[in-house]
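here is the input, now give the coordinates:
(2 chains)
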Amino acid sequence: MVKPRRLLTAVTALLSMTLVVAGCGDSSTGGGEPVSTPSTGNPPSTTAADPAPTRPTRFVDVELTLVTHDSFSLSPALLESFEDETGIKVQVLPSGDAGGMVNRAILTKDDPEGDVLFGVDNTLLERAINADLFLDYESDLLSHVPDALEVDSRVTPIDRGWVCINYDKAWFADSTLDPPASLDDLVDPDYRDLTVVEDPTTSSPGLAFLLATHAQFGEGWKDWWSSLRDNGVRVESGWESAYYSAFSGGSGEGDRPIVVSYASSPAAEVYFSDPAPAEAPTGVLTDGCFEQVEYAGVLAGTENELAAQVLVDFLLSPQVQEDIPLQMFVYPVRPDVELPHVFVENAVEVEDPIAIDPGTAAGLVEELPEQWVEVVLR
Amino acid sequence: MGRGRSPLSRRWRVALAAIVPAAFLATFFAWPISAVVDRGLRPDGQLDLTAFLDTASDPQTWSVLRFTLWQALLSTAVTLALGLPIAHVLSRFEFRGSRLARSVAVVPFVLPTVVVASAFAALLGPSGPVSWLSEIAIGDSIDMRHSLTAIVLAHGFFNVAVVVRTVGSVWERLDPGLAESARVLGAGRLRSRLEVELPLLMPAILSAASITFLFSASSFAVILILGGPTRATIEVEIWRNATRMLDLGVAAALSVLQLVAVFLLLTVTTLLERRSRWALPMVERAGVAKPVRGWARAWVGAVLAIAGLFLLLPPATMLQRSLTGPSGLTLDAWRALGGSLRDSILFVPPAEAVFTSLVTAAVATAISVPMGLLLALVLSSRRGRFAEAAVLLPLGTSAVTVGLGMMMAFSGPPLDIRAEAWLIPVAHSVVAIPFVVRVVMPVIRGIDPALREAAAVLGASPARVVREVDLRMMTAATRTAAGFAFAISLGEFGATTFLSRARTPTVPILIERLLGQPGTTNVAQAMALSCLLGLLVLIAVLVTDSRRGRMTGW
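The predicted structure follows:
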């Protein structure tokens, strides 16, 4: 029969055209993917059972991708000197806030987008580890790090800080109110409409603060948040918008004098002001501070495990640890590096922070944010 | 030659034509969706409805569902209220620039959702014109950024184009002779409108209303950006649970609920439409006249002014923001398109993302148009309502669910293609195919069967009839569909968020990243990218949209 054959030809032609076009659309072998070839002489290893004493210190033509959150910052000179010394070119891939970054890494773990992940903190650590994101690696440099911070052989602690309430000194100086002395002040009617917090589902300091309130108030945490909501708290999705758009202190351009930020934020204010003020414009409420430790790990599925280990070591090196305070405004984990002067003068050391081990944190992190949303947002 | 059409061979031909699009949709739509349903109903590999029922009976879920439907209803009402007058003016009157106006009226529909959402946020937010006006008027600046009003207005902005095109196409081809006959027979002007014109327009109005409702219900970026943390539709909840809570089970359960709701909705609207459909007496641009009388001129002027304000103000705000730096007017954001600013959070230069978007859109169009045409041809020859609703399901299924499903289904064997770059254009075409079908099918259905019969009588084979009657009359519609598909792909966001690889982002992904970072520089860059994307979409639509030579209506 003539007619069906013509139709069959047409359909076949369409099908082939579609497949050809779909195949031509494949640009993954174009310029996108960096070429990363391991150097010769790499012994293949997928676990860190071997202590790797034969790990090369110099590589040829290796490009690593460092997956981080948006707040990551390192002096470019350091990355350049790292490349000069080791031959490894590092591309930094900012991937949203810490929670989003970890979730994305978990969702893409069969085809990871990077070789090393930096920025998973103690609240998210269990989630990342349970998802088998990382390969075992214990750096030699861990001998310089306090034992308390080494919680798992699959990740390496890099920096630590405290999430605390910050307040605008000038605002309170102009008003009859005293700066808040405890978390209970925030729900006092006198302090109505003065507070900004971050949404714990989209912000790492927000999540840390939520856990702090849970630790502080126990089962009454929901009541405290409900009172805070009635007291006119404003919720922003991230630290950047909370601090820069809603907070009134320092470089903030908003109108609320109380915000969830870091104990080291006053140091940043002084550092970035020109001329430098004698005293930091913002203060820190040490009640309800949460200790946050950030880790780095070698992503499972990386093609350059040994080079990735070298990169993790680099993050623990004295040069990077010294660079961290003025780049990311948190403390290095190594106590043997010198802190910059502006940090020593203006960053507040929290004596008695709330510290939760990753295992406990994991359970809380799974349940609390959803309940928080119901209490505060709906 | 000219063998009689036996039922068997006809069915066989239809089935053959259906194979290709059916296989495509089965692989890239049905399979991902079933992966989601599987995850929702069988979380640990065994049928375990407890998790699903937990989510389904959660009052939180029902309040989210209620909000979804309510805002969609409001959006539809506002869209019709705004769109019908504009459709009337653009389709029944001829004036200088009316052709351009008709093409431009389509552009809001195809603008990226992220862009429109942020334009309205700028418009209604603290430093925007509305706040400034309210400061003057009542002494207190209103911040309407996160409000139901903002959502409804943004949806209206998008969907006015649907009303204008759908209803306008029919309106301009309505033979005025019908209304005139009614007048001659004694009906007043209003009665002739209501009893003659309105019923003839009803299928088009219903079609436009149902499309608007579906889009508003499955809208994602608009709710995300303009709803604020306190408002969520099902779409946003699915995304939140999948990416923020990593609770894929709940996300899947919500997707199942949404699918059921959408299927019901589509069935209802399809039934309504079929009941009121017939081959309309079409005359090319019959009812169009120059506005001569005073009231006509006033009406045209007023509608155009309001429409112009409503449709041009958001893009104008976008442009203004793109030129605003920390210290006033500057071209920095535009200059930065070529290369990344130092310390930028962007991994690739924006220009590269523009190139990626264009290539993706081209591939998506090349896939979706042939598939859509085949589907439309097959569907127009069938009578099954069920089949039609089922095939058009991707239209109402949210892009987020499609993206989530693809992520779940293709993350491992047998098809481990999640990281493939070509999966993104395929996802876009899954989203675009229903549009193609929707644009083309009314044209096919509207073809007077007498033409086909005449061709057959003159000796053409069935395939030749299709080729020389159907396809030829569909050329203009096909071109429009291609333009739509291209524009949809350029602006697609919901599915792409799940599949995008960090090194090859599309422009909407970049825009959303930039908007997430406060600071005038980042906002300016986002706005510059949005203006560029809007321009590309405008060009695509203007090039493919031609009203000449169209003899058939909707």
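
from here on, contacts and neighbour counts on C-alpha atoms
Noted.

might you report the residue contacts of the closest residue to chain A within the stretch 101-250 of chain B?
For the stretch 101-250 of chain B, the residue positioned closest to chain A under Cα to the nearest Cα is B:Thr230, at a distance of 5.0 Å. Contacts for B:Thr230 (Cα atoms under 8 Å, 6 or more residues apart in numbering or on different chains) come out as A:377-378.

near residue 245, how many other residues are there?
Answering for chain A, as no chain was given. 18 (other Cα atoms under 10 Å in any protein chain shown).

my question was about chain B, not that one.
So B:Met245, with other Cα under 10 Å, has 21 neighbours.

ok, A:Arg378 - contacts?
B:230-231.

surely B:Leu304 meets B:Ile86?
Yes. Here B:Leu304 lies in contact with B:Ile86, judged by Cα atoms under 8 Å, at a distance of 7.2 Å.

the residue in the stretch 401-550 of chain B that chain A sits nearest to: neighbour count?
As assessed by Cα to the nearest Cα, chain A sits closest to B:Trp422 within the stretch 401-550 of chain B, at 4.9 Å. Neighbours of B:Trp422 under the rule other Cα under 10 Å: 21.

where's it relative to B:Val431, distance?
15 Å (Cα to Cα, to the nearest Å).

next: A:Trp239.
35 Å.

then B:Thr324?
35 Å.

compare neighbour counts for the two and give me the winner.
B:Val431 (26 against 20).

how about the contacts made by A:Leu377?
Per Cα under 8 Å, 6+ apart, neighbours of A:Leu377: B:229-230.

report the closest residue of the stretch 51-200 of chain B relative to chain A.
For the stretch 51-200 of chain B, Cα to the nearest Cα, closest residue to chain A: B:Gln60, 8.5 Å.

what helix or strand is that residue on?
helix B:59-92 (DSSP states H and E).

in that helix, what's buried?
B:61, B:64-65, B:67-80, B:82-92 (16 or more other Cα atoms under 10 Å in any protein chain shown).

also stretch A:244-254?
A:244-252, A:254.

now the residue of the stretch 401-550 of chain B closest to chain A. Its backbone dihedrals?
The phi/psi pair for B:Trp422 (degrees, to the nearest 10) reads phi -80, psi -10.

state the pLDDT value of it.
The per-residue pLDDT reported for B:Trp422 equals 89.

then the one 4 residues further on?
In the predicted model, B:Val426 carries a pLDDT score of 94.

that one against B:Ala364, yeah?
Yes. Between B:Val426 and B:Ala364 there is a contact under Cα under 8 Å: 6.1 Å.

between these two, who's got more neighbours?
Higher neighbour count among B:Val426 and B:Ala364: B:Ala364, with 32 against 24, using other Cα under 10 Å.

pLDDT weak spots in the stretch 351-500 of chain B?
B:382-397 (pLDDT under 70).

in it, which spans are helices?
B:385-391, B:393-396, B:399-409, B:423-446, B:449-457, B:462-465, B:472-473, B:475-491, B:496-499 (DSSP state H, counting those that start in this stretch).

A:Leu142: which of those helices is closest?
helix B:496-499 (36.6 Å; Cα to Cα).

is that closest one in proximity to chain A?
No. Helix B:496-499 lies out of reach of chain A by Cα under 8 Å from any Cα of the partner chain, never closer than 9.0 Å.

and that helix, what does it pack against?
In terms of contacts (3 or more Cα pairs under 8 Å, 6 or more residues apart in numbering or on different chains; DSSP states H and E), helix B:496-499 is packed against helix B:399-409, helix B:423-446.

nearest to chain B: which residue in the stretch 151-300 of chain A?
A:Ser241 (5.7 Å).

B:Gln517 is in contact with that residue, correct?
Yes. Taking contacts as Cα under 8 Å, A:Ser241 lies within contact range of B:Gln517: 7.4 Å.

residues near the nearest residue in space to B:Ala242 that is not next to it in sequence, how many?
Excluding the flanking residues, the one nearest B:Ala242 by Cα to Cα, 6 or more residues apart in numbering or on different chains is B:Leu248, at 4.9 Å. By the criterion of other Cα under 10 Å, B:Leu248 has 22 neighbours.

for B:Leu248, report the pLDDT, please.
82.

what does A:Trp224 give?
Reported pLDDT for A:Trp224: 94.

element containing residue 260?
You didn't say which chain, so I picked chain A. Going by DSSP H and E, A:Val260 is part of strand A:258-262.

not quite, I wanted chain B
helix B:248-275.

by contact count, what packs against that helix?
Going by 3+ Cα pairs under 8 Å, 6+ apart, helix B:248-275 lies up against helix B:31-41, helix B:49-57, helix B:198-217, helix B:234-239, helix B:385-391, helix B:393-396.
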